Structures are given as C-alpha cells and as structure tokens.
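Engineer: Attaching a predicted model along with its sequence, questions to come.
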Amino acid sequence: MVSFCANPNCRAPFQYLRDGRLYRFHLNQPVLGPQSVGSNDLSHKLEHFWLCGRCAATMTLELQHEQDVVVVSRRDHEFHRATAS
C-alpha cells in the first residue's frame with residue numbers, strides 16, 4: 001500500500017488519488033533462501049508508488065535494472081526517451 005510520496009526528499013503523506021501520480025512497476029528480485037544458493041532465480045513482484053502533486057509536476061519515476069525505482073526530473077526523462085528512439 002502506498003503511504004508516502006516516493007520522493008525521499010519529500011515524503012508527503014498519501015491522502016487522495018486525485019493529488020499526484022500513481023505508478024505501477026513489475027520488479028524482479030533475487031530469490032533469497034537456502035534453496036537459491038548459486039541460482040539466478042528471480043521473484044516477480046508488482047509494486048505501486050506515488051508522487052505527490054508538487055513532485056509529479058517536475059519529476060517522474062523510472063525503473064532501472066528491473067529492480068530499482070528512482071526519482072528523476074521530467075526534463076532528464078524526456079531527453080533520455082528522445083535520444084533512445
């Protein structure tokens with residue numbers, strides 16, 4: 001469940017869906033435990049993140065390496081998308 005803004009410098013409490021932007025990412029995480037030693041097994045997990053309205057105006061979230069969600073500026077995000085095409 002989403003409780004706070006995903007921006008670690010903000011952490012505004014989540015109160016309304018209409019304020020901000022909700023994100024959904026499929027994360028791949030290594031399976032931990034004695035049976036997974038030396039294996040490359042991954043667990044797939046669906047997680048939700050939220051940016052408050054103030055942060056969503058200038059920032060977005062990106063999934064990196066299929067397991068890390070990071071906050072990036074919208075300007076940088078749009079630039080990287082345009083140069084990747």
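Structural biologist: Structure's in. What do you need?

Engineer: I'd like to know how many residues surround Ala6.
Structural biologist: 24 (other C-beta atoms under 10 Å). (Each C-beta comes from the backbone N, C-alpha and C, glycine too.)

Engineer: cool, Cys52 as well?
Structural biologist: 22.

Engineer: swap in Arg18?
Structural biologist: Counted with other C-beta under 10 Å, Arg18 comes out at 6.

Engineer: Pull up the gap between it and Lys45, please.
Structural biologist: Arg18 is 27 Å from Lys45, where distance means C-beta to C-beta, to the nearest Å.

Engineer: Secondary structure element for the residue lying closest to Lys45 once chain neighbours are set aside, which one?
Structural biologist: Spatial nearest neighbour of Lys45, chain neighbours left out: Leu27 (4.8 Å); criterion: C-beta to C-beta, 6 or more residues apart in numbering. Assigned by DSSP states H and E, Leu27 belongs to strand 21-30.

Engineer: Going by contacts, tell me the helices and strands next to the helix or strand following that strand.
Structural biologist: Later in the chain than strand 21-30, the nearest helix or strand by DSSP H and E is strand 42-51. For strand 42-51, the packing partners by 3 or more C-beta pairs under 8 Å, 6 or more residues apart in numbering; DSSP states H and E come out as strand 21-30, strand 59-64, strand 68-73.

Engineer: for the ones you listed, which one ends up most surrounded?
Structural biologist: strand 59-64 (a mean of 16; mean count of other C-beta atoms under 10 Å).

Engineer: and that one with strand 68-73, angle?
Structural biologist: 150 degrees (axes from the mean of the first three to the mean of the last three C-alpha atoms, to 10 degrees).

Engineer: Tell me which other helices or strands strand 59-64 touches.
Structural biologist: strand 21-30, strand 42-51, strand 68-73, helix 74-84.

Engineer: okay, and the helix or strand of the chain with the least pLDDT?
Structural biologist: helix 74-84 (a mean of 65; mean pLDDT, DSSP states H and E).

Engineer: and the residue most central in space within the chain, what does it touch?
Structural biologist: Nearest residue to the geometric centre of the chain (C-alpha atoms, centre = their mean): Val69, 3.4 Å. Counting by C-beta atoms under 8 Å, 6 or more residues apart in numbering, Val69 touches 6, 23, 25, 27, 47, 49, 61-63.
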